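1. only the shape, not the letters, is given here:
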């Protein structure tokens, strides 16, 4: 029967879909971590700019101002690097999502084929049983017919 022969193939398709879903879920966590780090870096950047402005009003020497500006510049670079990394990760996540959607579609299509084969096999079986029943009825009718 075709439906039974395809079940191992369907199982493999299900496993591939499950593996892709798991990988997608795990990678989503990585993207979330990078996103959280970017938010944190942006917060630090804004906080140090605010500190520089407040400290500048209360009086700082030029060396301290230069240190703050240097640190703020390094934070700005870190923010840009984190934004680039996050963008790459989001693109990878989209690719992984597309792969999962494709695998899910294949699995679902295979399931539909198996269901259709199963339905055809069931209809053929019912037709065969009906034919056998009709034959028995005719045979019994001939045996019971008056001679």
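-> Everything's here; your move. This structure is a prediction, so every number in the text was calculated from the model and none was measured. Numbers count the residues shown, from 1 in each chain.

2. what mean pLDDT does the biggest helix by length in the chain get?
-> Identified as the longest helix of the chain according to DSSP state H is helix 62-144. Across helix 62-144, pLDDT averages out at 90.

3. that one packs against which elements?
-> With contacts taken as 3 or more C-beta pairs under 8 Å, 6 or more residues apart in numbering; DSSP states H and E, helix 62-144 sits against helix 2-58. Yep, even glycine has a C-beta here, placed from its N, CA and C like the rest.

4. got the angle between the helix it packs on and helix 62-144?
-> Interaxial angle of helix 2-58 relative to helix 62-144 (axes from the mean of the first three to the mean of the last three C-alpha atoms, to 10 degrees): 160 degrees.

5. now helix 2-58, how far from the chain's geometric center?
-> 12 Å (C-alpha atoms, centre = their mean, to the nearest Å).

6. let me see the mean pLDDT of that helix.
-> Mean predicted lDDT for helix 2-58 stands at 92.

7. when you give positions from now on, start the count at 125
-> In the new count, where the first residue is 125, that last one comes out as helix 126-182.

8. which residues touch residue 237?
-> residue 130 (C-beta atoms under 8 Å, 6 or more residues apart in numbering).

9. ok, it to residue 260 distance?
-> Taking C-beta to C-beta, to the nearest Å as the measure, residue 237 falls 35 Å from residue 260.

10. and what of residue 159?
-> Relative to residue 260, and taking C-beta to C-beta, residue 159 is found at 72 Å.

11. so which bits of stretch 204-214 are buried?
-> Within stretch 204-214, the residues scored as buried using 16 or more other C-beta atoms under 10 Å are 206, 210, 213.

12. what residues does it touch?
-> By C-beta under 8 Å, 6+ apart, the list of residues contacting stretch 204-214 from outside reads 151, 154-155, 158-159, 161-162, 165.

13. cutoff 7 Å now
-> 154-155, 158-159, 161-162, 165 (C-beta atoms under 7 Å, 6 or more residues apart in numbering).
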